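K.L.:
The sequence isn't on hand, but the structure is:
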């Protein structure tokens, strides 16, 4: 019987059920990029960069009334437990798509007609929750690139381990646990723009997890604001 | 010693040497397509659809004096005994080419300059003779799409089993038999537009098989006409 | 202990340390090509052909002030000890690049603006030193195509076997030896345009090998001149 | 997109669609949370280990099952393999191009896969023959024959009905490491029945089982797969729009309710097919 | 297509070609059913297990054979493998691009393969080493060096001559499942010699061994492979035109006759090569 | 190329760069044979078997090591595998496109590979577990994070530092042919330390460790990898220009000297990392 919680409902790494892993964020980390950010979300290490708005290739993908968003979520071969084959996996293709769809509603796409905005998310190390860390980093990179945005996109998962709803599962909890619910929201517009689910939730647990994930996203949003302030207004915290 | 014929020259499924398998044809089966048809040729189940005439991509393939014909013969992964790998096989590439070349002489290509006509043949279940079933279905789909045609293309194979020339081999007969001669003709123009051969024929047997295959094609042609009449003039047979 | 030299410093095939393998060259061997050449360099058998100057595809690769050079070094599946997989290998991609870069400085690229010059090197049989044989054949093919050139490119390797610096290693010497230094030069411009190295050289040995390789290249250059004379001035040697 | 209609007609239709939805109705006469007519026909591909053709409105899909021996993954030596692929056949729509699957098609296969896998419909340890060496691989290959919206649900129902009627080869172990196909076929053991429900967000309203026309104007999509009237096993939000928490709660309620009704239809079609 | 000629010259030549053919002649002086000069040189690639260079008019082709161990297919555990590939090397024509083979090149390889395979020239069961585990794989790789029409026949003759002179490694079984290369080479056993004859339909006439110019104007192509003066083992019609039954009968007669004559040439070249 | 600068500024900078170099200086203040600031940080990816991040001026690279079991090549049954790959991540430059590696990136991986392999830094026979059946495969995967010239050296230093700190799984043989992972990690044994030095030829002068701006105007590039102050193990000339013999001799002298100094830095960073 897997035991991810001790008698006091503490998790293997000592966290409470509603506690996030330690998170670090830094904006402006890639010299060549128009915007970039680095996040550590527990042991996840993620770099995101934005290039653009720039010309669209191939031409027929250009939209006359708005920008197009091209997003790639990619794992380096050394980022996973077993080495990841460098060829793009179906999983990466799917996550690229949903991250793109989670970011787009936050961007004022019509401000950049006939252009492409390229968002690249690189997972340098993954440990459960890399898509939420990735979408969060990507949103910071977009802001850093000076792209007009209505809101940030802030990501965080909730899940279920040993029968209890818990925030921000790590890899072991994701593998051995009961369910996972990765989510991302636009905190001010109050919209859920990324939502996936796998595992086994009762109706009640699902609602509980949904609300817990939202709380997590809001905490992540605070940290995103701090990270942007750190870069643009220099109020670095020691 | 394989025994595909009994003492009365009856085949494993009870057919006589010059007998076709049961054949069903239906025109107009894909709602979105410009033309379509479904055929059961024994246990072969084949769907064909036509899209076009439409714009040519990439542009440099466009012909100023006639249409171009693009044809794909494709087997679904579940259509074969062992699962077919979804990647296109060399066999499918070759058959796509010869089906295209069997259909083209029946089409008035010069009536559609600067356009492409797309013909798709999908093998849902294969059981020997799927290329002949496919070319037959494709020709019906072209007619259903209202493409100007000089003739239909009607396909049927002959072969050799247990030393005897026979019509329309099924999969077991093809594998265990001596030779196969898939063919398609333009019945009114009296042209052979598809012809392949593998196995072992004497000169005499070859000529015999050729003539038998032609008879099969003519029967298939009759059924094609009936199927078109069924759709366009409603004389459904019970 | 591998023994590539006998007591008199003779190599397995009887050559002295500074001796080339037997070399044959013939210019003008592919009827369709604008220029072509065939070389046997020991057991290496190499064919090279040039097509162009011709239109550039895709267009965006075109240079308005000069030609572009496209070079492919390719091994036929039967050219190697074990069969070579027909898919292009990373090794072939690298060698294509360095051969292209070894040829380009000899060509008056600005004489052919907005065009592409295609150079194809086909290794029909390889036996150590095929890149040097390839670049040598390619240079002859360029000359045969009438492309304006400042110089020929002449290739030859030196190496180290059983601790001694030696000219023009064959496959066994390359595999069992200590080091290899493939090189190509522009003999009149006195430039090294191809240089690679692998193995173990002391500083002194490296300088020695460098000079020996140069000597080899100059001998190859003489043979290139003869081969061109043979074709264009008919002084065939019996 | 359907190819035979003029752009003006299309535009007028979209106007009409949005107007109707704002009044709680749909242009094909359905209510917002109503699905289209559904027909499920298992057994259409006799040579496959299992198969089903699903017609959902004008959307048509075939799923075929092949069960063959394979090698387990290093980290799950006692588990069989489940591989789900999908292709929008080029016969299915004018814009469907042959070739390697694009992101939309990969997502389709992965969402169907997630529903089947996470429901634990199939116990993968049941598919082990020789631990670490030989297992059964269950291939679920989905071919879309005609596209008129909501491929996710049509593909999912076809896959599930095909699995419920699937048979697998029976192997026996002769001696250590060597196995033999007995030539017999036994039913694939299945447990819960996962049912997906896909909803579109149009003009701030949730509509169930969207048509292609509705998908063309939807802002976002949400698919929820349930296994019982109180259990959810998979979910997937798509398209560049967002849902409020309230809308997500409505969607889940709807999926649990619709799931029960579709589950009955699937069971019925499977029972009918087994009687034949 | 040859690259060095102007379009006007090409056009005039085609006119001339059609005129000559209507008079039963060809512009290179051949009769309709006459082949070009043929040279077959086995053994050109010493390091291969077998090889041959064929020159047919200006068309030049090399085939190389490699024979290596491999794993048999599940459904033919006692049979070796025959794998035929072809490439039109980019040195061979201005329009030949490097890259994965297109449909024309795949057809070329498959028609050569069919001729060899269906003739039963090689008994695949001879290539089995350990049933179900280890067999010999015979790779026939065809490289086209210069294109001037009728690649099918040139490639086929090169493949056949290379196989007739091929040697294969001799393996012995040490203990169950383990084999050892003895280092010895023994001749590949071959039986019948398949010979293909390719014909073009131009202006309703059949011409044998078409040049590239003739292929540019032909309406249809037909290749027939024979194994004796009375046996046919393979056939392939190509190009978007059609033959009458009469024309097919003429083609078969021609192929049987031409086959006998080419078969002698192949045998002679192989005998010469073996004496060396 | 850096994307944020106007063409005119670029052009003026190039003029300036050439002028400075003709005076024996460089626009970033370095001398011709001087390298940029170098930082080496091993252990940045804790879950890898080894890793290092290298910053060389503004160029940033991470190398990660994974060591897993694999199958040896037929012709080297007693040797483990070394596989080096590289990718210029699309975050690293505006022109870096995702997708299969192009010739430049393949060359980068192969030159790093050659340095490591030819230095015999790793004894591949140490990686054999069961001869002919099971060996360890050492994957060195290089990800470029930011491009500002001289990727060859940055990638090489990252790969070498990652290997020097790598640990590998310890296997034991249970019975013939069957192995078991003990769960323990032991250090990868390494010997000599290969150090590459890359030089650019600009205006007939050799400059060490070129920036991206310098690479944009260089005529040729030369990389030399040394293992001691008197041993050279690998070399690679690139770009369409040529060197005189004199220049090559200068380059080799420089590489041997620079190699010693970089080798010390690598050793120091590795020792520091091991103490942590």
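P.N.:
Okay, I see it. Note that the structure is predicted; figures quoted are calculated from it, not measured. Residues are numbered from 1 along each chain as shown, chains lettered A, B, ... in the order given.
K.L.:
So what's the residue count around the spatially closest residue to residue D:30 that is not a sequence neighbour?
P.N.:
Closest residue to residue D:30 apart from its sequence neighbours, by C-beta to C-beta, 6 or more residues apart in numbering or on different chains: residue D:36 at 7.1 Å. From N, CA and C alone the C-beta is placed, and that goes for glycine too. Residue D:36: 20 surrounding residues under other C-beta atoms under 10 Å in any protein chain shown.
K.L.:
how about residue D:249, phi and psi?
P.N.:
In terms of degrees, to the nearest 10, the main-chain angles of residue D:249 are phi -70, psi -40.
K.L.:
doesn't residue A:207 make contact with it?
P.N.:
Yes: here residue D:249 reaches residue A:207: they are 6.6 Å apart, a contact under C-beta atoms under 8 Å.
K.L.:
Average pLDDT for stretch A:104-119, rounded please.
P.N.:
Regarding stretch A:104-119, the rounded mean pLDDT is 98.
K.L.:
State the distance from the closest residue to chain E within chain D to chain F.
P.N.:
Distances between chain D and chain E by C-beta to the nearest C-beta are smallest at residue D:69, namely 8.7 Å. Noted for residue D:69: a distance of 20 Å to chain F, by C-beta to the nearest C-beta, to the nearest Å.
K.L.:
now that residue, what's its secondary structure?
P.N.:
Secondary structure, DSSP: H, G, I helix; E, B strand; the rest coil: residue D:69 is strand.
K.L.:
same question, residue D:145
P.N.:
For residue D:145, the secondary structure call by three-state DSSP comes out as strand.
K.L.:
Tell me the spatial nearest neighbour of it, not counting adjacent residues.
P.N.:
Take residue D:145 and drop its neighbours on the chain: the residue closest to it by C-beta to C-beta, 6+ apart is residue D:60, 4.1 Å away.
K.L.:
Just give me the neighbour total for the residue of chain D closest to chain E.
P.N.:
By other C-beta under 10 Å, 19 other residues sit near residue D:69.
K.L.:
residues in contact with it?
P.N.:
Contacts for residue D:69 were tallied using C-beta atoms under 8 Å, 6 or more residues apart in numbering or on different chains; they are D:129, D:134, D:135, D:136, D:137, D:171, D:179.
K.L.:
Which of those residues fall within strands?
P.N.:
D:129, D:134, D:135, D:136, D:137, D:171, D:179 (DSSP state E).
K.L.:
Residue A:25 - nearest residue in space that isn't next to it in sequence?
P.N.:
Once flanking residues are discounted, residue A:25 sits nearest to residue A:227: 3.8 Å by C-beta to C-beta, 6+ apart.
K.L.:
ok but that neighbour is inside a strand, no?
P.N.:
No: per three-state DSSP, residue A:227 lies outside any strand segment and is helix.
K.L.:
Tell me how many other residues surround it.
P.N.:
With other C-beta under 10 Å as criterion, residue A:227 counts 24.
K.L.:
Repeat that for residue A:233.
P.N.:
Using other C-beta under 10 Å, residue A:233 is surrounded by 8 other residues.
K.L.:
Kindly report the same for residue A:58.
P.N.:
Look at residue A:58: counted by other C-beta under 10 Å, it has 6 neighbours.
K.L.:
residue ranges for the strands of the stretch 51-200 of chain D, please.
P.N.:
Under the criterion DSSP state E, counting those that start in this stretch, the stretch 51-200 of chain D contains strands at D:59-70, D:81-88, D:128-130, D:134-146, D:167-175, D:178-187, D:195-202.
K.L.:
for chain A, same thing?
P.N.:
Going by DSSP E, chain A shows strands at A:23-27, A:35-41, A:44-54, A:68-75, A:116-125, A:154-161, A:164-167, A:179-186, A:191-202.
K.L.:
can I get the ones you listed in JSON lines with mean neighbour count?
P.N.:
Below are the strands of chain A laid out as JSON lines (neighbours: other C-beta atoms under 10 Å in any protein chain shown):
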{"stretch": "strand A:23-27", "mean neighbour count": "18"}
{"stretch": "strand A:35-41", "mean neighbour count": "26"}
{"stretch": "strand A:44-54", "mean neighbour count": "26"}
{"stretch": "strand A:68-75", "mean neighbour count": "22"}
{"stretch": "strand A:116-125", "mean neighbour count": "26"}
{"stretch": "strand A:154-161", "mean neighbour count": "28"}
{"stretch": "strand A:164-167", "mean neighbour count": "22"}
{"stretch": "strand A:179-186", "mean neighbour count": "27"}
{"stretch": "strand A:191-202", "mean neighbour count": "24"}
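K.L.:
Please identify which of those strands is closest to residue C:190.
P.N.:
In terms of C-beta to C-beta, the element of the strands of chain A nearest to residue C:190 is strand A:44-54, at 43.7 Å.
K.L.:
what's near enough to touch residue A:180?
P.N.:
By C-beta under 8 Å, 6+ apart, the residues touching residue A:180 are A:157, A:159, A:160, A:169, A:174, A:196, A:197, A:198, A:199.
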